[in-house]
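J.: Sequence first, then the predicted structure, then my questions.
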Amino acid sequence: MPTRLLLALAALLLLPPAAWGAEVASRTLDNGMEVFVRPDHRAPVVTSMVWYRVGGIDEHLGKTGISHVLEHMMFKGTKKVGPGQFAEIIARNGGRNNAFTGQDYTAYFEKLASDRLDVALRLEADRMVNLRLKPKQFRKEVQVVMEERRMRVSDDPRSLAHETLRSVAFDAHPYGYPVIGFKPDLDRLKVGDLKRWYRHHYSPRNARLVVAGDVEPARVFRLAAKYFGDLPPGPKPPQVNPEPVPAPRGARAVDLEADARVPYLAMAYHVPNLPAADQQWEPYALRLVAGLLDEGRSSRLPTRLVRGSGVAASAGTYFSPESRAPELFYLEGTPAPGHDLDGLQQALLGQVAELRDKPVSADELRRVKRQIAASEVFQRDSVFYQAMQIGQLETIGYGHEYLDTYLERIRAVTPEQIQQVARKYLTPQRRTLVRLHPEPQQGAAGAGEGGQ
């Protein structure tokens with residue numbers, strides 16, 4: 001482990017638990033908008049983010065992708081700012097801006113010199129209530145989104161496999177709908193639908209402003225009140241979770257064919273997020289299970305399946321406990337040349353079975369805990385990531401205080417608890433599996449069967 005990493009990790013572990021979470025000042029404006037400030041004076045820069053509690057989980061069939069389309073339209077102008085001028089103004093002030101839509105939220109951000117913060121807040125407050133949604137621009141932007149869907153999903157075999165996996169795993173729950181939307185829904189979407197979505201979800205009462213960087217909280221609160229304070233509160237924010245996640249009803253498997261160069265396997269298990277867990281430690285134990293399998297080169301999947309048996313060209317896993325509703329624990333992989341999906345599937349399931357059947361050693365668990373802690377050190381070193389953490393946690397309802405005890409709870413997980421969550425949640429009854437096969441080469445087949 002590099003010396004810099006060791007020193008940073010040692011410094012982190014010497015801090016009291018409360019010091020791990022960023023010191024955050026907060027205030028709620030009279031119209032219900034929440035404001036969070038994380039001072040960090042190491043450089044004269046600032047990240048400003050506006051988070052709306054609306055995403056894929058709030059949508060329904062027939063209107064999938066509407067949150068993402070609205071994100072695109074937020075750059076098409078207001079009564080004061082013309083189409084495309086938002087980004088131009090930010091750029092003239094030496095900054096960068098962008099946005100993203102997820103299952104649980106939509107967020108907009110600017111990175112600027114700290115003395116230009118008021119520029120970002122003025123622009124964000126304006127488009128929160130004054131967005132112009134013109135039919136011609138709307139239809140053009142829907143076509144942009146549809147092309148984005150074609151490139152990112154339809155023409156990307158792995159993304160197609162993951163979209164299929166979530167659709168099968170979640171049944172009719174909104175987590176099974178793609179954030180980018182289904183093509184028929186995008187085709188039918190009307191500008192009136194978008195106007196209603198905007199009015200219902202884009203308002204101070206459903207928004208959080210997060211500012212991290214070289215700022216003083218008092219100044220941020222003054223600017224927030226100046227630009228956002230007089231905006232109308234808007235309708236009551238939507239409920240926390242629109243629908244319960246369906247209970248697992250047995251193992252599911254799908255075989256797909258796509259224009260892919262290599263086969264691909266993706267599987268996932270239904271697991272709880274923090275509010276849905278029977279025991280509060282369970283999501284932290286699941287995060288460590290993911291770390292044991294795939295946290296660095298010395299973890300089990302790269303050591304055993306890629307460099308060991310050689311059955312996999314690549315293999316990985318992913319789990320995050322931070323979500324508005326229970327989510328999935330993912331495993332994925334690509335078979336190595338000379339191996340097939342059956343062999344890779346059995347190898348991945350074998351690693352899961354070992355976690356259920358055999359307790360992890362204390363030494364291996366300590367190593368993974370250190371790696372997770374080190375990763376947090378370097379992520380929190382970024383002003384942008386600090387704002388991301390605060391905004392995400394506040395928007396999904398966990399609160400930024402979650403950061404204060406996160407590593408403490410990770411460190412408290414025992415080998416016995418690792419085995420318990422593996423036995424309880426990583427079971428066939430909770431599993432969905434997608435096997436992606438390259439399409440047969442029709443031209444080659446035809447030449448072989450009927451060529452002269």
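T.: Structure received.

J.: host element of the closest residue to residue 205 other than its chain neighbours?
T.: Nearest non-adjacent residue to residue 205, counting by Cβ to Cβ, 6 or more residues apart in numbering: residue 32, 3.7 Å away. In this view, the C-beta of every residue, glycine as well, is placed from N, C-alpha and C. Using DSSP states H and E, residue 32 maps to neither a helix nor a strand.

J.: again, but for the one 3 residues further on
T.: Remark: residue 35 resides in strand 34-39, with elements defined by DSSP H and E.

J.: Adjacent strands (with direction) for that strand?
T.: strand 25-28 (antiparallel), strand 207-213 (parallel) (DSSP bridges).

J.: Can you name the next helix or strand after that strand?
T.: Later in the chain than strand 34-39, the nearest helix or strand by DSSP H and E is strand 45-52.

J.: what's in contact with that next one?
T.: 105-114, 116-117, 120-121, 124, 128, 201-202, 206-215, 383-384, 386-388, 391-392, 394-395 (Cβ atoms under 8 Å, 6 or more residues apart in numbering).

J.: for this structure, what helix or strand is lowest in average pLDDT?
T.: Sorting the helices and strands of the chain by mean pLDDT, DSSP states H and E puts helix 17-20 at the bottom, at a mean of 38.

J.: Contact partners for the most centrally placed residue in the chain?
T.: Note on the chain: the residue nearest the mean C-alpha position is residue 102, at 6.2 Å, using Cα atoms, centre = their mean. Shown in contact with residue 102 (Cβ under 8 Å, 6+ apart): 55, 56, 179.

J.: Out of those, flag the one nearest to residue 258.
T.: When the contacts of residue 102 are compared for distance to residue 258 (Cβ to Cβ), residue 179 wins out at 20.3 Å.

J.: quick one: contacts for the residue nearest to the closest one when sequence neighbours are not counted?
T.: In this structure, residue 179 finds its nearest non-sequential neighbour in residue 56, 4.4 Å apart by Cβ to Cβ, 6+ apart. Residues near residue 56 by Cβ under 8 Å, 6+ apart: 64, 67, 101, 102, 103, 104, 174, 175, 177, 178, 179.

J.: where along the stretch 301-450 of the chain do the strands fall?
T.: 312-318, 327-335, 431-438 (DSSP state E, counting those that start in this stretch).

J.: out of the ones you listed, deepest packed?
T.: With neighbours taken as mean count of other Cβ atoms under 10 Å, those reach their highest mean count in strand 327-335, at a mean of 24.

J.: Strands along the stretch 51-200 of the chain, start to end?
T.: Under the criterion DSSP E, counting those that start in this stretch, strands of the stretch 51-200 of the chain are mapped to 96-101, 106-113.

J.: care to break the protein down by domain?
T.: Domain assignment for the chain by automatic domain parsing gives 24-228, 252-439.

J.: ok so, going back, tell me the spacing between the residue nearest to residue 205 and residue 436.
T.: Distance from residue 32 to residue 436, counting by Cβ to Cβ, to the nearest Å: 46 Å.

J.: rewinding a little: to residue 299, which of the strands paired with strand 34-39 lies closest?
T.: strand 207-213 (31.0 Å).

J.: tilt between that closest one and strand 45-52?
T.: Calculated by axes from the mean of the first three to the mean of the last three Cα atoms, to 10 degrees, strand 207-213 forms an angle of 170 degrees with strand 45-52.

J.: quick check, distance from strand 207-213 to the centre of its chain.
T.: 18 Å (Cα atoms, centre = their mean, to the nearest Å).

J.: hmm, who's touching it?
T.: 22, 33-40, 43, 45-53, 114, 117, 121, 124, 128, 220, 224, 228, 383-384, 386-387, 390-391, 394-395.

J.: could you give the mean pLDDT of the strand holding residue 35?
T.: Mean pLDDT, computed over strand 34-39, is 98.

J.: What of stretch 64-77?
T.: 97.

J.: from the middle of its chain, how far away would it be?
T.: 18 Å.

J.: for the domains of the chain, which one sits closest to residue 246?
T.: Set against residue 246 and scored by Cβ to Cβ, the domains of the chain come closest in domain 24-228, at 4.8 Å.

J.: And that closest one, end to end?
T.: 20 Å (Cα to Cα, to the nearest Å).

J.: Same question for stretch 271-279.
T.: Stretch 271-279: ends 12 Å apart by Cα to Cα.

J.: list the buried ones in it?
T.: By neighbour count with 16 or more other Cβ atoms under 10 Å, stretch 271-279 contains the buried residues 271, 272, 273, 274, 275, 276, 277.

J.: helix or strand for the fifth one, which one?
T.: Take DSSP H and E as the rule and residue 275 turns out to sit in neither a helix nor a strand.

J.: Could you report the pLDDT at it?
T.: Residue 275 is assigned a pLDDT of 92 by the prediction.

J.: Same question for the first one.
T.: What the model reports for residue 271 is a pLDDT of 97.

J.: pLDDT below threshold where in the chain?
T.: By pLDDT under 70, the low-scoring segments of the chain are 1-22, 238-243, 442-452.

J.: and if we set it to 80?
T.: Low-confidence segments of the chain (pLDDT under 80): 1-22, 237-248, 441-452.

J.: Packing partners of the longest helix along it?
T.: As assigned by DSSP state H, the longest helix anywhere in the chain is helix 362-380. Here helix 362-380 touches helix 3-14, helix 282-294, helix 383-396, helix 402-412, helix 415-425, going by 3 or more Cβ pairs under 8 Å, 6 or more residues apart in numbering; DSSP states H and E.
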